[in-house]
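**Q** Quick one: sequence plus predicted model below, questions after.
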Amino acid sequence: MADTLTNSAFPAAGSDARAGELAVHLPEQGDAGLYFIGRIRTPWASKDDNPPRKGDASEGPVCRLELDPRWAPGLRGIEAFEMLQVLFWMDRVRRDLVDREVVTLDGQAAIKHKLDGTNVKDLTKADVNKLMKDIIAGKTRVSVKTKKLRGRAVVRGGPGTATRTIGLLGGILTYAIDAGIIDSNPTHGLKKPKYAVRTRRLTEAEYRTLGSLPADQFIPALMAQANLPYYAGLLSAAQYHGAAHHRPQEFQVMLGKARRPIECGKVRVVFYLRKGIAAVPVQQFNTPRGTVVVSTPAATAFDLVGYEAKIGGLDAVATILVELAEKLDAEKVSALAPTVPLPWVQRLGYLLERIGEASKAGPLKEYVRQHARQAAALQPSVPAGNQPRDPGWKLIVNAHVEAET
């Protein structure tokens, strides 16, 4: 290797290097070239104006994608897709970094850092509550070298990390109950902190960039004009309840009849057929132009498992349930069980139990015991085959589900 790593490889004082970054001398010339198909325009004039990312996509700006007309033939047919992945090149970042801190919100590391050596039988609700408060306050911060050649794992605190960590710990303790190690789960009943709640509204300039009002500001009037009962559901509803792990790329509306998607400027609205829509409990949220009808937390939870293929699969459902669980009332969830297909009840109860919310799944398990005559598949789109069964939920566990932590 011609270019060796020496002290001179570190950025000089006064450079734009940040703490934890290590740089090397770059070769005199590159090896290949690229043809860009367009540009991404952000609201910022320089790199210094770009605020630090907080991990919540809903706090980000509205950007504009400008495509070179010559590449238009290669984009034919993209309107058939709900989402697009854009590979982009950051033209104003350093190219000489070989080592940097990698920030992770890793619940496993936070648990290991604070509870390592604690006997699970001795773990109390007070211990878990203290762990949660310590994470919120940032006392679980830890920086360790990873096994990989590059980078470090940096665990930071905050409400989001706390909520996900307690959800992960609850799932671990549920397995301990199943194994007969402990009798109760000390994570149950803890009030988790709110986070990822939408606090920012689009500016007039961002409205103009979108080419339309946000969907929640024109859908109510459109549905009223068509005399159609509706509600915002799935990921859109989860966002209103502070449980959307990522900002939805489309506004999802449940209707009693089929309807084609609509696009207004850069705003896309997708409609899903929901049988028995009149029986679905809803609530209203204020918008700058009135109110929008949204499914309640309990109704949202059932819809998520019923339409899991529309939102990214069961892993995505479990991730949202970790954050939605705080707003779920066991009695209200149980009251909805007779109004939805029985497999929805089995899947929702199983997932709630796996993420450490067995207390909110208890009434559902009794309902399944009384009404389920045959086992249902956890993942309906996957063959059941010779897969293990969960007798309590009468469920064929034909998929491994893991919430994103």
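**A** Sure thing, it's come through. Residues are numbered from 1 along each chain as shown.
**Q** okay, now residue 267: neighbour count?
**A** If you count neighbours by other Cβ atoms under 10 Å, residue 267 ends up with 19. (C-beta placed from N, C-alpha, C; glycine too.)
**Q** Give the full set of residues in contact with the closest residue to it other than its chain neighbours.
**A** Spatial nearest neighbour of residue 267, chain neighbours left out: residue 212 (4.4 Å); criterion: Cβ to Cβ, 6 or more residues apart in numbering. Applying Cβ atoms under 8 Å, 6 or more residues apart in numbering to residue 212 gives the contacts 218, 264, 265, 266, 267.
**Q** repeat that for 7 Å
**A** For residue 212, the contact set (Cβ atoms under 7 Å, 6 or more residues apart in numbering) comprises 264, 265, 267.
**Q** Could you grab the helix/strand/coil label for it?
**A** coil (DSSP: H, G, I helix; E, B strand; the rest coil).
**Q** any idea which element the nearest residue to residue 46 once chain neighbours are set aside lies in?
**A** Distances taken as Cβ to Cβ, 6+ apart place residue 92 nearest to residue 46, at 7.9 Å, with adjacent residues excluded. Following DSSP states H and E, one finds residue 92 outside all helices and strands.
**Q** so how far is residue 30 from residue 92?
**A** Taking Cβ to Cβ, to the nearest Å as the measure, residue 92 falls 17 Å from residue 30.
**Q** what residues are up against residue 223?
**A** Contacts of residue 223 (Cβ under 7 Å, 6+ apart): residue 230.
**Q** What strand or helix carries it?
**A** Counting by DSSP H and E, residue 223 is part of helix 215-226.
**Q** Skip ahead from that helix and say which helix or strand is next.
**A** strand 230-232.
**Q** which is the next helix or strand following that next one?
**A** Next element after strand 230-232 (DSSP H and E): helix 234-240.
**Q** Could you pull out the buried residues of that following helix?
**A** When neighbours are counted by 16 or more other Cβ atoms under 10 Å, the buried residues of helix 234-240 are found to be 234, 235, 236, 237, 238, 239, 240.
**Q** what's the next helix or strand after it in contact with?
**A** The helix or strand immediately downstream of helix 234-240 is strand 251-255, counting by DSSP H and E. For strand 251-255, the external contacting residues (Cβ under 7 Å, 6+ apart) are 215-216, 219, 228, 230-236, 269-274, 277.
**Q** Let's see that with 8 Å instead.
**A** 214-216, 219, 223, 228-237, 267-274, 277, 280, 295, 303, 310.
**Q** before we move on, the earlier item: among the contacts of residue 212, show me the least confident.
**A** Note: of these, the lowest pLDDT belongs to residue 265, at 78.
**Q** circling back: with only the CA atoms kept, save the helix holding residue 223 in CSV.
**A** Taking Å, rounded to 0.1, in the frame of the first residue of the first chain, the C-alpha atoms of helix 215-226 are listed here in CSV:
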residue,chain,number,x,y,z
ALA,A,215,-53.4,15.3,2.1
ASP,A,216,-55.0,15.7,5.6
GLN,A,217,-56.1,19.2,4.6
PHE,A,218,-58.0,18.4,1.4
ILE,A,219,-59.1,14.7,1.9
PRO,A,220,-61.8,15.6,4.5
ALA,A,221,-63.5,18.0,2.0
LEU,A,222,-63.1,15.6,-0.9
MET,A,223,-64.7,12.7,1.1
ALA,A,224,-67.5,15.0,2.3
GLN,A,225,-68.3,16.0,-1.3
ALA,A,226,-68.4,12.4,-2.4
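**Q** circling back: between the contacts of residue 212, which sits nearest residue 338?
**A** Residue 338 lies nearest to residue 267 out of those, by Cβ to Cβ, at 36.3 Å.
**Q** how near is that closest one to residue 273?
**A** Distance from residue 267 to residue 273, by Cβ to Cβ: 21 Å.
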